[in-house]
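Q: Turn this into a structure:
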Amino acid sequence: MKPLEIVSALPQWKNLSPGEIVDSPAFAAACRLGEETRTLRRADIAPAVSQMLSLSISFGDEPHTLSIARSPRFPELDKLWDSLPEVPDAIVLSLVERECGQLLQMLENAIRRQLKIVGLAPSAPDPSAMIAFQTDDLTFAVTRSATITGALGVLRNLDLASDCVRSAPLPAQAEYDAFALSDADLASLAPGDALLLPEIGTIAPRVVVDGRFAAVSGGVEAFAEDGRVRVFPAEPATVTLGELLDGALSASGPAENAQLKLVRQGKLVAQGRLGRVGDQFAFVVETKE
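A: This is a model prediction of the structure:
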């Protein structure tokens, strides 16, 4: 499975709202600024909107405000920045269209709606109604709306290398063996019974993560219950999402007398220990559920 497929299968990520994705520290949307590929992120520190050049714009027929921070990327605007309030609107708008075209095109492409400049904003917008972004030497803010968050707030715009993603804990357990057992045999299990475990010592255990994935030597695959009973360690463990995304999870077999549990369809069936029957490893039942 690919990393994005893994994240998309986890409820704590796939159930994020578009706004939560945009607000995440891991937000990172690929974009094109002219001929350059850039990454659009939330601004760490944005200038006050009162210090930015605010435009009334529309995406399609929806009105928005776009506030642009001072940048050397806009040399003519930069020269006039301190006196912009005294510059005629027509001149300011002409400079915006001439120097900010790549930014406007990037936004139009990202939001997937036609962007039109209506004019200069009549007043500084309410900062709480804006979302600030940055990409390299550009910082800007745009009205927070369902249109903006809906276009940008998708899982593919999360940086899966971000620590806030990779450090997320997930339950995990080594699957030491799995085998078919009839309902009658399962019902008749009693303390002292032993079930042979031929895979232990011969096949490397796979790691079952969150009941959804199985980490194997070739990477990560989807995990599905198939009616077999499974032998796991008695105590649960955790791994990080980063370890799962790396596809490098592995487990060693249990030591003799290690505490184990027998599980079927996600439900505990019995608890026991790793013993032997002759020269074969076996699950020795100690308690039956």
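Q: Every contact and neighbour count from this point should use C-alpha atoms.
A: Fine.
Q: Can you give me the distance of the residue nearest to residue 153 when sequence neighbours are not counted to residue 144?
A: Nearest in space to residue 153, with sequence neighbours left out and distances taken as Cα to Cα, 6 or more residues apart in numbering, is residue 18 at 3.9 Å. Distance, residue 18 to residue 144, by Cα to Cα, to the nearest Å: 11 Å.
Q: Repeat that for residue 235.
A: 46 Å.
Q: out of the two, which sits in the busier spot?
A: residue 144 (17 against 9; other Cα atoms under 10 Å).
Q: Name the nearest residue to the more buried one, sequence neighbours excluded.
A: Nearest to residue 144 is residue 130, by Cα to Cα, 6+ apart, at 5.1 Å.
Q: Next, give phi and psi for that neighbour.
A: With angles defined as degrees, to the nearest 10, residue 130 sits at phi -120, psi 160.
Q: please renumber so the chain begins at 787
A: I'll keep to 787 as the first residue from here, and by that count the last item is residue 916.
Q: Tell me who's in contact with it.
A: 927, 928, 929, 930 (Cα atoms under 8 Å, 6 or more residues apart in numbering).
Q: among these, who's most crowded?
A: Neighbour counts for the contacts of residue 916 peak at residue 927, which has 26 neighbours (criterion: other Cα under 10 Å).
Q: Could you look up the SS state of that residue?
A: Of the three states, residue 927 takes strand under DSSP: H, G, I helix; E, B strand; the rest coil.
Q: May I have the strands that pair with the one helix or strand residue 1018 maps to, each with its orientation?
A: Using DSSP states H and E, residue 1018 maps to strand 1015-1019. Here strand 1015-1019 is paired, per DSSP bridges, with strand 963-965 (antiparallel), strand 1045-1050 (antiparallel).
Q: Columns mean neighbour count, mean pLDDT and distance to residue 988 on top of those strands, output as a markdown table?
A: Shown next, in a markdown table, are the strands paired with strand 1015-1019 (neighbours: other Cα atoms under 10 Å; pLDDT from 0 to 100; distance: least, Cα to Cα, whole Å):
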| stretch | mean neighbour count | mean pLDDT | distance to residue 988 |
| --- | --- | --- | --- |
| strand 963-965 | 19 | 95 | 10 |
| strand 1045-1050 | 20 | 96 | 18 |
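Q: so which of the ones you listed comes closest to residue 1006?
A: strand 963-965 (18.0 Å; Cα to Cα).
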